[in-house]
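**Student:** Below: sequence and its predicted model.
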Amino acid sequence: MDNTLSREVQMQFMRPSQLEQAARRFPVVYVPFGLIEWHGRHLPLGNDALKAHAILVKCAEQFGGVVYPPIWFHSAFNQAYLVPVLTELFDRLKRTGFRVIIGVSGHNMQQQIDMIEEALKPVVADGTVRGIGLWEVTLSRCEESGTDHAAKWETSNMMFFYPDRVDLSELGDGELNLDMKPPSGIGGLDPRKHASAEVGRRNVELAAAAIGRKARELLESLPPDQRDFSIKGISPGCWWFV
């Protein structure tokens, strides 16, 4: 697996015919979530959504489906307002013809998954689509696949996908506190000692494959007459915008 991210599966780059062909082959849409948050002095603030989005692109490259652009709203926003907005998005994706909606958060807090699942409830209630909320490593976690906060795993992911966005020299060579507290705000194993692009590559490989298998399982769990792309086409009169 290399670190290039194909534009052929990213919705914002696809032409109508490409979107329709991809959805007819595998009517699954992946929706990445994240936020702008401190991730040490060495990582980009948008780490979580960048990570989730990139893993889902690698998943779609292998299994099929389409990746929606990253969503930067998160569970610290007022849920009374945000959940209905996300429900509207998921419902629009359903009406676009997708039969499986997978929301994946790179921000590994339970509240993020609760938010996605709550927004999906009314969309999947009629049984014509399947939906699930996951962290990027929910299904792949093992010795070679894990997560943390700006430590071994998240740094390795960024070293694999966006090496020019990682600067370990920003951490200096002194002792770091690795308990999430100030001043370092890092939680996990010291990235200076444990992170590498190869660790990131393997983590991504396992996470992407596990999400893809779940997508296939969810699609196959639908009644046979509900597994196909469900609108006439991606064209004016059938579809206009999500």
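**Tutor:** Thanks, I have it. Residues are numbered from 1 along each chain as shown.

**Student:** what's across from Ser105 in the sheet?
**Tutor:** Note on Ser105: beta-bridge partners by DSSP bridges are Phe33, Trp135.

**Student:** what about it, distance to Ile55?
**Tutor:** Ser105 sits 11 Å away from Ile55, going by Cβ to Cβ, to the nearest Å. (Glycine included, C-beta is placed from N, CA and C.)

**Student:** same thing with Met11?
**Tutor:** Counting by Cβ to Cβ, the gap from Met11 to Ile55 is 16 Å.

**Student:** if we can go back for a sec, who touches both of Ser105 and Ile55?
**Tutor:** Glu136 (Cβ atoms under 8 Å, 6 or more residues apart in numbering).

**Student:** and Asn108, what does it touch?
**Tutor:** If you count contacts by Cβ under 8 Å, 6+ apart, then Asn108 has Trp135, Val137, Thr147, His149 around it.

**Student:** burial count for the third one?
**Tutor:** Yep, that's Thr147 we're talking about. Under the neighbour criterion other Cβ atoms under 10 Å, Thr147 is assigned a count of 23.

**Student:** A strand includes it, no?
**Tutor:** No: remark: Thr147 does not belong to a strand; assigned using DSSP: H, G, I helix; E, B strand; the rest coil, it is coil.

**Student:** Just want to know which of Met11 and Ile55 has more residues nearby.
**Tutor:** Ile55 (29 against 19).

**Student:** My understanding was that that one contacts Ile211; is that so?
**Tutor:** Yes: under the criterion of Cβ atoms under 8 Å, Ile55 makes contact with Ile211 at 7.2 Å.

**Student:** Mind listing what's buried along the helix ranked longest in the chain?
**Tutor:** Ranked by residue count, the top helix of the chain under DSSP state H comes out as helix 197-220. Residues 197, 199-212, 214-216, 218-219 are the ones in helix 197-220 that count as buried (16 or more other Cβ atoms under 10 Å).

**Student:** same question, stretch 109-121
**Tutor:** In stretch 109-121, counting by 16+ other Cβ under 10 Å, buried: Gln112, Ile113, Met115, Ile116, Glu117, Glu118, Ala119, Leu120.

**Student:** before we move on, the earlier item: got any residues that touch both of Ile55 and Ile211?
**Tutor:** Common contacts of Ile55 and Ile211 (Cβ under 8 Å, 6+ apart): Val104, Glu136.

**Student:** Return the per-residue confidence for the spatially most distant residue from the centre of the chain.
**Tutor:** In the chain, the residue that sits farthest from the middle, by Cα atoms, centre = their mean, is Gly174; the gap is 33.8 Å. Gly174 is assigned 95 on the pLDDT scale.

**Student:** and it, what element?
**Tutor:** Element membership of Gly174, judged by DSSP states H and E, is empty: it is in no helix or strand.

**Student:** next one: Val57
**Tutor:** Using DSSP H and E, Val57 maps to helix 47-63.

**Student:** and after that helix, which helix or strand comes next?
**Tutor:** Toward the C-terminus, helix 47-63 is succeeded by strand 66-67 as the next helix or strand (DSSP H and E).

**Student:** Report the buried residues of the helix or strand following that next one.
**Tutor:** Where DSSP H and E defines the elements, the next helix or strand beyond strand 66-67 is helix 79-95. By neighbour count on 16+ other Cβ under 10 Å, the buried set for helix 79-95 is Leu82, Val83, Leu86, Thr87, Leu89, Phe90, Asp91, Leu93, Lys94.
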